[in-house]
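A.B. asks: Would you be able to build a 3D model of this:
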Amino acid sequence: MNWQESINEKIFNAESIKPPLARWRLKGQKIVFTNGCFDIMHLGHISYLSQAASLGDKLIVGLNTDRSVQAIKGSQRPIQDEKSRSQIMASLAFVSAVILFDNDTPLNLIELIRPEILVKGGDYTVETVVGADFVIKNGGEVKLLEFIPGYSTSALEKKIRG
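C.D. replies: Alright, predicted model coming up:
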């Protein structure tokens, strides 16, 4: 198998993720979920995602579609299209699966995946994390991870645009 095939095999939709989820659960593997736009990958993202992956056996990343990024970040975003962002995300060794979602929030995806651990950045509180109530009610945990100061896509965008 070539690298491109192995990357593409990690990109799923809501229907195609069901068989791997069933296999992972059958093996007793702990599933971690996080989500975001991940527009321009930087050190802060790598640190955050690798920390998230270390909390369990399989890391699933919900990735906002181009339309949902625009709704959240404005008409100038995303800088990279969803195909590029999903390929880059899937190329990371510690990411097990990438799923694009077009909703305003990842709640439907969280309910489908039923992760044991839901991860968001330290700029959230457990009360403000979408899906936290669902995960906790189903016996899971919500973890908040600190960011590396000085790294953000918005700051990079501002620097690039001058």
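A.B. asks: From here on, just use CA atoms for contacts and neighbour counts.
C.D. replies: OK.
A.B. asks: Where does pLDDT dip in the chain?
C.D. replies: 1, 151-155, 157 (pLDDT under 70).
A.B. asks: residue boundaries of the helices in it?
C.D. replies: Per DSSP state H, the chain carries helices over the ranges 3-8, 18-26, 43-53, 66-73, 82-90, 107-113, 132-137, 153-161.
A.B. asks: Flag every buried residue along the fourth one.
C.D. replies: By neighbour count with 16 or more other Cα atoms under 10 Å, helix 66-73 contains the buried residues 66-70.
A.B. asks: Leu59: neighbouring residues, count only.
C.D. replies: 26 (other Cα atoms under 10 Å).
A.B. asks: follow-up on the earlier one: save the helices of the chain as JSON lines, and put in distance to Val32 too.
C.D. replies: Output for the helices of the chain, formatted as JSON lines (distance: least, Cα to Cα, whole Å):
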{"stretch": "helix 3-8", "distance to Val32": "19"}
{"stretch": "helix 18-26", "distance to Val32": "11"}
{"stretch": "helix 43-53", "distance to Val32": "7"}
{"stretch": "helix 66-73", "distance to Val32": "22"}
{"stretch": "helix 82-90", "distance to Val32": "15"}
{"stretch": "helix 107-113", "distance to Val32": "9"}
{"stretch": "helix 132-137", "distance to Val32": "11"}
{"stretch": "helix 153-161", "distance to Val32": "23"}
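A.B. asks: for those helices, which one sits closest to Asp123?
C.D. replies: With Cα to Cα as the criterion, Asp123 lies closest to helix 43-53 of the helices of the chain, at 12.4 Å.
A.B. asks: Which residues does the closest one contact?
C.D. replies: 32, 34, 38, 59, 94-95, 119, 121, 145-148, 151-152 (Cα atoms under 8 Å, 6 or more residues apart in numbering).
A.B. asks: go on, stretch 114-130?
C.D. replies: Stretch 114-130 has contacts (Cα under 8 Å, 6+ apart) with 30-35, 48, 52, 55-56, 105-107, 132, 135, 138-147.
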